[in-house]
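S.K.: Sharing a model prediction with you, sequence too.
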Amino acid sequence: MPELPEVETIVRQLRPELEGRTVESARVTWARTVARPSAKAFCREVAGLRIERVWRRAKYFVFDFDDGRHLVGHLRMSGRLYVGALEDRAHLRASFALDDGRHLAFVDVRKFGRLALVDDVEAFLPDIGPEPLGPALTPRWLAEQLRARRRLLKPLLLDQSFLAGLGNIYVDEALHRAGLHPLRRSDRVPRPRAEALAAAIREVLAEAVDAKGSSFDTFYRTPEGQPGAYQDDFRVYGRTGKPCRACGTPITRLVVAQRGTHVCRRCQPAPRPRRKAARGA
């Protein structure tokens, strides 16, 4: 599933192609692709609207229209957006004819992606936390938020209501960079480590965006049709048995919150269980 860097890459590449363009007509070939309104009403209502702004919220892409409404979309497992002549019609789920003769196409092999025409973006989206590349994620904020919770680090960082846009890949990478084990409890993270984690999250995401995301399967491609390159720089994710790039220790795979998780046991020592106080002490 595309995470923040992949969606940010898509938005950045689509922005100059779409902003200022008018949707002349729309066509939906897989009705379930549209979450609201119905596919027929969706096509009717977007026709004639001008795209004013293209942006991202967490793992969602958003198009602001000139009538005040918004197109909100999620690529899920295999969705892809591009502008140009229509291709791969076998997996084309929706298309938008633009006023310059080109099309915005939404291709989705597995049919999990969704589009919705909404009046209010934040009201439509589920409860989502602050953007990790925005001003809210400061070392002090993260240290305080971790201390205020009693949750394992990895499930907490994957929780979109805590912090937006992080997924399995970039949580593993950030935790390794910060020297934190995914099973460490958040309220037991020392403040210097929490501050290091805040920096690691921002660094990993920024580097991944610069590399146009990660292509770890055949599905993710940018709107320009190119794969991302950040997978070449993974330190732990998907590198089970390979040497840690920092210390040479073989990378270990474990399961945390039902997600495949990759760690270096030397760089990320497992938390020690606390001893129970003796009775009568």
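M.R.: Looks like it came in fine. The model shown is predicted, which means the values in this text are computed figures rather than measured ones. Numbering: from 1, shown residues only.

S.K.: where does residue 64 fall, phi/psi-wise?
M.R.: The phi/psi pair for residue 64 (degrees, to the nearest 10) reads phi -90, psi 130.

S.K.: could you list every residue that touches it?
M.R.: 51, 52, 53, 54, 55, 70 (C-beta atoms under 8 Å, 6 or more residues apart in numbering). Glycine gets a C-beta too; all of them are placed from N, C-alpha and C.

S.K.: Where does the third one sit, in terms of helix or strand?
M.R.: If you go by DSSP states H and E, residue 53 is part of strand 51-57.

S.K.: Can you list the strands that that strand pairs with?
M.R.: Sheet pairing of strand 51-57 (DSSP bridges) gives strand 60-65 (antiparallel).

S.K.: Pull the distance from the partner strand to the chain's centre.
M.R.: A distance of 15 Å separates the centroid of the chain from that of strand 60-65, by C-alpha atoms, centre = their mean, to the nearest Å.

S.K.: what mean pLDDT does it have?
M.R.: In this model, strand 60-65 has a mean pLDDT of 98.

S.K.: what's the answer for stretch 114-129, then?
M.R.: Across stretch 114-129, pLDDT averages out at 95.

S.K.: That one: which residues count as buried?
M.R.: 114, 115, 116, 117, 118, 121, 124, 125, 128, 129 (16 or more other C-beta atoms under 10 Å).

S.K.: Equivalent analysis for stretch 212-227, please.
M.R.: Neighbour counts over stretch 212-227 (16+ other C-beta under 10 Å) mark 212, 213, 214, 215, 219, 220, 221, 222, 223, 227 as buried.

S.K.: So which of those residues sits lowest on pLDDT?
M.R.: Ranked by pLDDT, those bottom out at residue 219 (81).

S.K.: need the contact list for the residue nearest to residue 58 when sequence neighbours are not counted.
M.R.: Spatial nearest neighbour of residue 58, excluding adjacent residues (C-beta to C-beta, 6 or more residues apart in numbering): residue 164 at 3.8 Å. If a contact means C-beta under 8 Å, 6+ apart, then residue 164 has 4, 57, 58, 59, 128, 129, 130, 131, 132 as its contacts.

S.K.: now the residues you listed as CSV including secondary structure and distance to residue 104?
M.R.: Listed next are the contacts of residue 164 as CSV, based on DSSP: H, G, I helix; E, B strand; the rest coil; distance: C-beta to C-beta, whole Å:
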residue, secondary structure, distance to residue 104
4, helix, 22
57, strand, 19
58, coil, 21
59, coil, 19
128, coil, 25
129, coil, 29
130, coil, 29
131, coil, 25
132, coil, 28
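
S.K.: possible to save these as TSV with distance to residue 198?
M.R.: TSV is the format used below for the contacts of residue 164 (distance: C-beta to C-beta, whole Å):
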residue	distance to residue 198
4	15
57	20
58	18
59	20
128	18
129	14
130	12
131	13
132	9
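
S.K.: Can you tell me which of those is nearest residue 139?
M.R.: The closest of these to residue 139 turns out to be residue 132 (C-beta to C-beta; 12.4 Å).

S.K.: Next one: that closest one relative to residue 3, how far apart?
M.R.: For residue 132, the distance to residue 3 equals 11 Å [C-beta to C-beta, to the nearest Å].

S.K.: shared neighbours, the two?
M.R.: 165, 166.

S.K.: residues near residue 200, how many?
M.R.: If you count neighbours by other C-beta atoms under 10 Å, residue 200 ends up with 20.

S.K.: Sorry, wrong one. I was asking about residue 25.
M.R.: As a burial measure, residue 25 scores 14 neighbours (other C-beta under 10 Å).

S.K.: Could you pull out the buried residues of the strand holding residue 53?
M.R.: Of the residues in strand 51-57, those with enough neighbours to count as buried (16+ other C-beta under 10 Å) are 51, 52, 54, 55, 56, 57.

S.K.: ok now that strand, how far from the chain's centre?
M.R.: Using C-alpha atoms, centre = their mean, the offset of strand 51-57 from its chain centre is 16 Å.
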